[in-house]
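In: From the sequence below, what's the structure:
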Amino acid sequence: MLANKRFILTAAIVFSACYSCNQKIEKTFSDSPEVDFDLHAIVKRGYLTALVDNNSISYFIYKGQPMGYEYELLRNLAKHLHVDLKIKVISGVERAIDQLNKGNGDIIAFPLTVNKKRKKLVTFTKPHFNTYQVLVQRKPDNWRKLSQAQINAALIRNPVDLVGKEVHVIKGTSHETRLENLSEEIGGDIIIKRDTLIAESESEIQKVVSGEIDYAIADHSMARVNATYYPNIDVNTVLSMPQQIAWAVRKNSTELEKVINTWLTTIKKKDTFMVIYNRYYKSPRTSLLRMRSDYSSFGSTEKLSHYDDLIKKGSEKLQWDWRLLAALIYQESKFRAQDESWSGARGLMQLMPQTAKRFGAHDPDIPEQNIKAGVNYLRYLDRYWTKRIPDYNERLKFVLASYNAGLSHIIDAAKLAHKYGKNDTIWDENVEDLLLKKSDPKFYRDPMVKAGYCKCEEPVNYVRDIHERYEEYRAHIAN
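Out: Numbers count the residues shown, from 1 in each chain. So this is what the prediction gives:
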């Protein structure tokens, strides 16, 4: 992500509010823009806020790294706009539209089906691709011993046979509309079970897998990927004509719409788009490995790394959320215990040999020793800044910057901030601004500066990136 002087300390929030009745939703639902915040304002602010769905294709965490079709394209879009990317995870299309129109997001980056009802509420971008809706049903218990003809005979292949059957959909989705129309087309009532609008897009598929329900509807692209994870389901009964899949913006975000459409047209002509598309929609073996991995936010144990237990032990000494320490370690080494940087820093927490030895690691390649020494170093930095910065959240930024750039550079920046009328106990737009100026002779040759020159974009980005990754971990990984 591109550098931005303003640090964004905002959570990737999972909206899980529960509503007691449909009437309340109707009263609070925003069906038109309540804010006027278009491209110019987004660029001036410095970041794009994207509302994304939490599923195994669009956005998820794998081995500590955010991934997903929507996520990768959004990063590309943010780079194109020269802004940072802020992710908000939200469940339910209706809820996403409501939050978009209320100004809590700039774009809905869901795999949205384009239809007339939604066109009244939002403006769709150019389509990404076409899909169609399919019935998700469970194969017979003994399906592995049956021929394909026998399996087909046990399944619904003609939509007419859905008359009188209970089919589950998430309220407010195109799947609900399709079932209503299908009932009219086949001249009989399908029993439509409308589940909560805050359910995740794959939750209905998983209910079919577990036997909780018998039938659900899904877009073929997502259903096909899930059928790789769960071979006991069938997704081959087609229920709709081809439909377009697109993202959406507010109806008054005309400039944002234009630039996204231009970007989409350009990127779809390049290999980049198909590489991303194929990675998530056309690589079933890779998708299966991710899904079954202990280190995926869709795995059963929700681990971040092989070293989670050591990280949790270290975080107790720091009195940090373990996911924050994990975010730092990922930033340093991507959880690779034998990593060595060009400068000679080693191990999970990338300690220089002298620092490692000083804080208790005789062999920094041993994970236990490396994390122990790294934690001791962080405690040392925290004790230093505690005397000067009482606010925990502010102090944390100074500690992280010191860990990356060295304590002396951050002390210099704080002194310069005080000299030039900035608040030397505030990081954003204060001390970080003067840290960035330490590549300018006017500042790094100042008599009060002890550490000299520093090309300090890296520590500024480091602080921001760790916090953003931490918030992503918080959204997906249990404490």
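
In: going forward, measure contacts between C-alpha atoms and count neighbours the same way
Out: Fine.

In: Show me what stretch 250-259 is in contact with.
Out: When contacts are defined by C-alpha atoms under 8 Å, 6 or more residues apart in numbering, stretch 250-259 is touched by residues 32-33, 36-39, 100-101, 106-107, 121-125, 249.

In: Filter those down to just the ones in helices.
Out: Mapping those onto helices (DSSP state H) picks out Leu39, Leu100, Asn101.

In: ok, and the most crowded of these?
Out: Compared across these, Leu100 has the highest neighbour count, 27 neighbours, by other C-alpha atoms under 10 Å.

In: which residues touch that residue?
Out: Pro33, Leu51, Asp106, Ile107, Ile108, Val249, Arg250.

In: I'd guess the second one is in a strand, am I close?
Out: This points to Leu51. Yes. Leu51: assigned to a strand according to DSSP: H, G, I helix; E, B strand; the rest coil.

In: what's the distance between stretch 48-65 and the middle of its chain?
Out: In terms of C-alpha atoms, centre = their mean, to the nearest Å, the centre of stretch 48-65 is found 3 Å from the chain centre.

In: about what we covered before: by neighbour count, sort out the buried ones in the contacts of stretch 250-259.
Out: Buried members of those, scored by 16 or more other C-alpha atoms under 10 Å, are 32-33, 37-39, 100-101, 106-107, 121-125, 249.

In: Out of those, which two sit at the greatest distance?
Out: Farthest pair in the buried ones among the contacts of stretch 250-259 (C-alpha to C-alpha) is Leu39 and Leu121. Separation: 19.1 Å.

In: just to revisit the earlier point, looking at the contacts of Leu100, which are in strands?
Out: Among the contacts of Leu100, the members falling in strands (DSSP state E) are Leu51, Ile107, Ile108, Val249.

In: Serialize those residues to a markdown table and add fields for distance to Arg75 and pLDDT.
Out: As requested, the ones in strands among the contacts of Leu100 are exported to a markdown table (distance: C-alpha to C-alpha, whole Å; pLDDT from 0 to 100):
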| residue | distance to Arg75 | pLDDT |
| --- | --- | --- |
| Leu51 | 13 | 95 |
| Ile107 | 13 | 98 |
| Ile108 | 14 | 97 |
| Val249 | 17 | 98 |
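
In: Turn those into TSV, columns for distance to Asp339.
Out: TSV is the format used below for the ones in strands among the contacts of Leu100 (distance: C-alpha to C-alpha, whole Å):
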residue	distance to Asp339
Leu51	35
Ile107	38
Ile108	38
Val249	42
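
In: Run a quick neighbour tally on the closest residue to Tyr403 other than its chain neighbours.
Out: Leaving out its chain neighbours, the residue that sits closest to Tyr403 by C-alpha to C-alpha, 6 or more residues apart in numbering is Leu378, at 7.0 Å. Using other C-alpha under 10 Å, Leu378 has 19 neighbouring residues.

In: Equivalent analysis for the one 10 residues further on, please.
Out: Arg388 sits with 11 neighbouring residues when counted by other C-alpha under 10 Å.

In: repeat for Gly187
Out: Neighbour count of Gly187, defined by other C-alpha under 10 Å: 10.

In: ok, Glu332 touching Met349?
Out: Yes. At 5.7 Å, Glu332 counts as touching Met349 under the criterion of C-alpha atoms under 8 Å.

In: Name the residue in those two with the higher neighbour count.
Out: Legend: neighbour count by other C-alpha under 10 Å for Glu332 and Met349, higher for Met349 (31 against 22).

In: for Ile57, what are its contacts?
Out: Ile57 makes contact with Gly68, Tyr69, Glu70, Met222, Tyr280, Tyr281, according to C-alpha under 8 Å, 6+ apart.

In: is it true that the last one touches Ala223?
Out: No. Here Tyr281 lies out of contact with Ala223, judged by C-alpha under 8 Å, at a distance of 10.1 Å.

In: List just the nearest of the buried ones among the contacts of stretch 250-259 to Val275.
Out: Distances from Val275 to the buried ones among the contacts of stretch 250-259, taken by C-alpha to C-alpha, are shortest for Thr125, at 20.6 Å.

In: Domain map for this protein?
Out: Listed by automatic domain parsing, the domain ranges of the chain are 22-128+245-292, 133-240, 308-476.

In: Which residue ranges of the stretch 301-450 of the chain form helices?
Out: In the stretch 301-450 of the chain, the helices defined using DSSP state H, counting those that start in this stretch lie at 308-318, 322-333, 353-358, 367-386, 392-405, 407-419, 432-436, 441-444.

In: Buried deepest among the ones you listed, which one?
Out: Looking across these with neighbours counted as mean count of other C-alpha atoms under 10 Å, the highest average goes to helix 432-436: a mean of 24.

In: Could you save the contacts of Leu100 as JSON lines and add columns showing distance to Val114?
Out: JSON lines is the format used below for these (distance: C-alpha to C-alpha, whole Å):
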{"residue": "Pro33", "distance to Val114": "19"}
{"residue": "Leu51", "distance to Val114": "17"}
{"residue": "Asp106", "distance to Val114": "18"}
{"residue": "Ile107", "distance to Val114": "15"}
{"residue": "Ile108", "distance to Val114": "13"}
{"residue": "Val249", "distance to Val114": "13"}
{"residue": "Arg250", "distance to Val114": "15"}
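
In: how about low-confidence regions in the stretch 201-350 of the chain?
Out: For the stretch 201-350 of the chain, applying pLDDT under 70 flags the ranges 201, 283-302.

In: make it 80
Out: Low-confidence segments of the stretch 201-350 of the chain (pLDDT under 80): 201-202, 228-229, 282-302, 342-343.

In: and Thr173, what pLDDT?
Out: Model confidence at Thr173, given as pLDDT, is 83.

In: Not counting sequence-adjacent ones, nearest residue to it?
Out: Val93 (6.6 Å).

In: Ser129 pairs with what?
Out: Quick fix: residue 129 is Phe, not Ser. Applying DSSP bridges to Phe129 gives these bridge partners: Ile245.
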